[in-house]
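Peer 1: Next comes the sequence, and after it the predicted model I'd like to discuss.
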Amino acid sequence: MKSLYLRPSIKPKPNLCIESMPSEMLMKIFSYLDAVSLLCVGCVNRHFYHLANDNGIWLKIYSSCFQPKRTIWKMKSEQTETVSLGCAALRDRKPGYWKKEYIFKQIAAVKTRVMRLVKPVDPYTGLPCKNKEAMKASGLSWIIVLKDKNGKEHVMEKANLSFKDTSVTILWYSTNWPCLDILSTLKLFGVTPLLPDQSRAPSKNGPRRRSLIAEYHLANLTESSAAVGADKLVQLFSLNPGLLVGLWKEKNEIAFVMASLHYHQLLERSTLGSATVQYVLPPNKPVLDDVDPEYGLHDYSLHLDMHGGSCTYLCGTFKSLSCRKGDVENGYLRLIVVSLKDNTKHLPLIGTVGLSWETDVFKGNVKDCYVMDVTLLDETGKPFWCFSAPVYMELSSRASSLYDYMGHIYTTDYADSEGKVCVELEWLEETKEYFIVNLVLYISTKKVNNWYGTNY
């Protein structure tokens, strides 16, 4: 007969987790966290939120960053006043008071630092000299959010940045792009950390603010947008304003997305909007001039950049651009920058023209495609019309009438609601380079009238 043994009952181990710890112990742990980590902890649940709002913890963080201006030399008096100030600061304060004070003061400090950097202005471009430094000080970055037809959002953050004189080009690439057929929209956001830390890169998991810059519709992309070039692997499609989508030729799926952003008001557009509403530029207040009969038609300055990723093909400034009153027609002012008749002002493009791209695995260069940055200043040196956009050179069927070149003619055209740019280039076979032989800007009279208070 087998002996029977009674096994002792095994009690289940209690489910130990940080949430079950006493509040006093949690508060002790939270007191060792920095401000960003404390804000993240407060997002876990309601209990953690109330604990992470503790005025004692935040007053300690606040005092370590913002020291009082006056100094008390007597040790005994200093100790007494520190205690009394601490008690007074904690008494009659609602939970979270010192958290808000700390956040507001940090934001104000960053704003002051950024405003100091953007104050000096480049006389050639009319833009802040230290745009790049100001963006770094604010912790600014850019992301794109792809939304599919079911409402699911796909966030793309990995990007390469290329800073130029008047613009920044952002290239997003990934091996996990969602299927193009199910996508409906693409939104471009400027993203800034709530508490920028100059000593380290912004945390992707920390609290951040989004500012909507632009929204694009991706439905029927290949039919509704302009094809601007291709190489062996990808085909490029352009969407206004300033967006380029590269599609794999074989799969017709996204390879990369590129955005060209002009510096003019870029900080404001990237930080002052909301997650759903774009920042609206303040309207220009026209200064009326009853003396000048051609007010608003002369003394424009143009800064022009043509580049393709790391290479710059042309960078130049053109002053004293004017239009006669009789030349205003079809709702546009005509500003001739480079004349076909004056071959002394024809400009060469340096290097082999093409737009560089790359992904995790491949890289390439789309021939005859580049980014054009236009910065047009009014007679006072104030930015009047600015854009950065991908464009391409199209072979013309016309024969050259210039004996100095006698090569193929190429044209580049750009247009938006405020104006048009028409560029004519000729290929010089002997030196293997392009020359700009004709460059004309057409400015909308509606834009001019709103800016100057005129009636052309």
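Peer 2: Structure received.

Peer 1: Strands of the stretch 351-456 of the chain, residue ranges please.
Peer 2: Counting by DSSP state E, counting those that start in this stretch, the stretch 351-456 of the chain has these strands, from start to end: 354-358, 363-367, 369-377, 383-392, 394-395, 409-415, 419-428, 433-444.

Peer 1: Now do the end-to-end distance for stretch 196-216.
Peer 2: One end of stretch 196-216 sits 29 Å from the other (Cα to Cα, to the nearest Å).

Peer 1: I'd like the strands of the stretch 351-456 of the chain laid out as TSV, including mean pLDDT and distance to Thr454.
Peer 2: Heads up, the C-betas are built off the backbone N, CA and C, glycines and all. As requested, the strands of the stretch 351-456 of the chain are arranged in TSV below (pLDDT from 0 to 100; distance: least, Cβ to Cβ, whole Å):
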stretch	mean pLDDT	distance to Thr454
strand 354-358	93	38
strand 363-367	93	41
strand 369-377	96	17
strand 383-392	95	13
strand 394-395	91	35
strand 409-415	93	22
strand 419-428	93	16
strand 433-444	94	12
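
Peer 1: In JSON lines, list the ones you listed along with mean neighbour count.
Peer 2: Output for those, formatted as JSON lines (neighbours: other Cβ atoms under 10 Å):
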{"stretch": "strand 354-358", "mean neighbour count": "21"}
{"stretch": "strand 363-367", "mean neighbour count": "17"}
{"stretch": "strand 369-377", "mean neighbour count": "24"}
{"stretch": "strand 383-392", "mean neighbour count": "23"}
{"stretch": "strand 394-395", "mean neighbour count": "12"}
{"stretch": "strand 409-415", "mean neighbour count": "17"}
{"stretch": "strand 419-428", "mean neighbour count": "20"}
{"stretch": "strand 433-444", "mean neighbour count": "21"}
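
Peer 1: closest to Lys158 out of those strands?
Peer 2: Closest of the strands of the stretch 351-456 of the chain to Lys158 is strand 354-358, at 11.8 Å (criterion: Cβ to Cβ).

Peer 1: Adjacent strands (with direction) for that closest one?
Peer 2: Within its sheet, strand 354-358 is paired with strand 363-367 (antiparallel), according to DSSP bridges.

Peer 1: Could you tell me how far the partner strand lies from the centre of the chain?
Peer 2: Averaging C-alpha positions (Cα atoms, centre = their mean, to the nearest Å) puts strand 363-367 23 Å from its chain's average.

Peer 1: picking that back up, what's the closest of the strands of the stretch 351-456 of the chain to Lys119?
Peer 2: Closest approach to Lys119 among these is made by strand 383-392 (15.5 Å; Cβ to Cβ).

Peer 1: Tell me the strands beside the closest one, with direction?
Peer 2: Sheet partners by DSSP bridges: for strand 383-392, these are strand 369-377 (antiparallel).

Peer 1: quick one: the partner strand to strand 419-428, angle?
Peer 2: Inter-element angle recorded for strand 369-377 and strand 419-428: 130 degrees (by axes from the mean of the first three to the mean of the last three Cα atoms, to 10 degrees).

Peer 1: Please report how far the residue nearest to Leu281 when sequence neighbours are not counted lies from Lys382.
Peer 2: Spatial nearest neighbour of Leu281, excluding adjacent residues (Cβ to Cβ, 6 or more residues apart in numbering): Gln265 at 5.7 Å. Separation of Gln265 from Lys382 (Cβ to Cβ, to the nearest Å): 12 Å.

Peer 1: Give me the below-cutoff pLDDT ranges for the protein.
Peer 2: For the chain, the stretches with pLDDT under 70 are 1-16, 67-92, 197-205, 399-406.

Peer 1: Have a look at it and report its longest helix.
Peer 2: Of all the segments of type helix in the chain, defined by DSSP state H, the longest one is helix 97-118.

Peer 1: which helices and strands sit right next to that one?
Peer 2: Where contact means 3 or more Cβ pairs under 8 Å, 6 or more residues apart in numbering; DSSP states H and E, helix 97-118 is packed against helix 55-65, helix 131-138.

Peer 1: Show me what it is in contact with.
Peer 2: The contact list for helix 97-118 (Cβ atoms under 8 Å, 6 or more residues apart in numbering) reads 35, 53, 55, 58-59, 61-62, 65-66, 89, 128, 130-131, 133-134, 137-139, 194-196, 267.

Peer 1: Just the buried residues of these.
Peer 2: 35, 53, 55, 58-59, 61-62, 89, 128, 130-131, 134, 137-139, 194-196, 267 (16 or more other Cβ atoms under 10 Å).

Peer 1: so who does Tyr434 touch?
Peer 2: Going by Cβ under 8 Å, 6+ apart, Tyr434 touches 348-349, 353, 393, 410, 425-428.

Peer 1: got the contact list for Cys315?
Peer 2: Taking Cβ under 8 Å, 6+ apart as the contact definition, Cys315 lies against 165, 304-307.

Peer 1: Secondary structure and neighbour count added to those residues, as CSV?
Peer 2: Formatted as CSV, the contacts of Cys315 follow (DSSP: H, G, I helix; E, B strand; the rest coil; neighbours: other Cβ atoms under 10 Å):
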residue, secondary structure, neighbour count
Asp165, coil, 18
Leu304, strand, 24
Asp305, strand, 22
Met306, strand, 24
His307, strand, 25
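
Peer 1: Looking at those, which is nearest Leu321?
Peer 2: Nearest to Leu321 among the contacts of Cys315, counting by Cβ to Cβ, is Leu304 at 11.3 Å.

Peer 1: Tell me who's in contact with the closest one.
Peer 2: With contacts taken as Cβ under 8 Å, 6+ apart, Leu304 has the following neighbours: 314-318, 337, 372-375, 439.

Peer 1: Likewise for Leu140?
Peer 2: Contact partners of Leu140, counting by Cβ under 8 Å, 6+ apart, are 190-192, 267, 270-271.

Peer 1: From these, pick the one nearest Gly96.
Peer 2: Nearest to Gly96 out of the contacts of Leu140 is Thr192 (Cβ to Cβ; 21.7 Å).

Peer 1: isn't the closest one right next to Arg208, touching?
Peer 2: Yes: Thr192 is within contact range of Arg208, at 6.6 Å (criterion: Cβ atoms under 8 Å).

Peer 1: For these two, indicate the residue with more neighbours.
Peer 2: Set side by side, Thr192 and Arg208 show more neighbours around Thr192, with 21 against 17, by other Cβ atoms under 10 Å.

Peer 1: List the contacts of the more buried one.
Peer 2: By Cβ under 8 Å, 6+ apart, Thr192 lies in contact with 138-141, 202, 208-209, 211, 270-271.

Peer 1: My reading is that Gly316 lies in a helix. Confirm?
Peer 2: No: with DSSP: H, G, I helix; E, B strand; the rest coil as the criterion, Gly316 is strand rather than part of a helix.

Peer 1: hey, what's it bridged with?
Peer 2: Bridge pairing for Gly316 (DSSP bridges) gives the partners Leu304.

Peer 1: how many neighbours does it have?
Peer 2: If you count neighbours by other Cβ under 10 Å, Gly316 ends up with 14.

Peer 1: I'd assumed Lys345 was in contact with it.
Peer 2: No: using Cβ under 8 Å as the test, Gly316 is too far from Lys345 to be in contact (10.5 Å).
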